[in-house]
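1. Here's a sequence, model it:
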Amino acid sequence: MNGETERLSLLLVEDSPADVYLVREAMIQAGLCFDLEVAEDGERAIAIVDRVDAGPQTRAPEVMLLDINVPRRTGNEVLERIRRSPRCARIPVVMMSSSDSPAERRRAFDQGANAYFRKPSSLAEFMQLGKLVRELHQQSRGAA
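-> Just a heads-up that it's a prediction; the model follows:
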């Protein structure tokens with residue numbers, strides 16, 4: 001990518017260092033030029049949304065990836081806060097979980113998630129996350 005390419009700002013809410021690594025690799029394999037901010041728990045994620053809302057000079061993430069099962073506040077609680085945010089409400093959100101429960105999927109979409117990504121057991125499947133993020137970002141830019 002050339003130096004003039006704007007970097008995609010991503011917020012990842014994830015407490016597993018291995019999954020943080022895999023997400024980073026998925027974005028690289030998808031050819032994305034990105035900055036990744038990681039919140040290891042739901043409280044930190046909510047604090048980031050609060051910081052964005054408090055300061056118009058603070059850059060809001062362009063895509064958020066939320067693990068549903070993180071400490072201190074669940075991904076669902078974080079999503080609820082995001083959708084009430086004046087500056088973050090329209091940001092594409094991918095909910096991630098190792099579960100493929102239909103009820104969990106339905107809850108994520110009912111709360112306003114743009115996509116649900118089941119964390120797969122294979123590396124090749126996990127790498128599909130980068131493609132999903134790229135597509136969501138392109139769609140959101142087209143809607144702006």
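2. hang on, residue 81 packs against residue 52?
-> No. Residue 81 lies out of contact with residue 52 (CB atoms under 8 Å); the separation is 11.1 Å. (Glycine included, C-beta is placed from N, CA and C.)
3. Compare these two and say which is more crowded by neighbours.
-> residue 52 (20 against 17; other CB atoms under 10 Å).
4. And that one, its phi and psi?
-> phi -60, psi -40 (degrees, to the nearest 10).
5. Next up, the contacts around it.
-> 58-61, 85, 87-88 (CB atoms under 8 Å, 6 or more residues apart in numbering).
6. Can you pick out the most distant pair from these?
-> Within the contacts of residue 52, two members stand farthest from each other by CB to CB: 59 and 85, at 14.0 Å.
7. Give me the more crowded residue out of the two.
-> Comparing residue 59 with residue 85 by other CB under 10 Å, the one with more neighbours is residue 85, at 16 against 11.
8. host element of the more buried one?
-> Assessed by DSSP states H and E, residue 85 sits outside every helix and strand.
9. In this structure it contacts residue 53, no?
-> Yes. When contacts are counted by CB under 8 Å, residue 85 is listed as touching residue 53 (5.5 Å).
10. now the longest helix along the chain, how far from the chain's geometric center?
-> Counting by DSSP state H, the longest helix found in the chain is helix 128-143. On the basis of CA atoms, centre = their mean, to the nearest Å, helix 128-143 sits 11 Å off its chain's mean C-alpha point.
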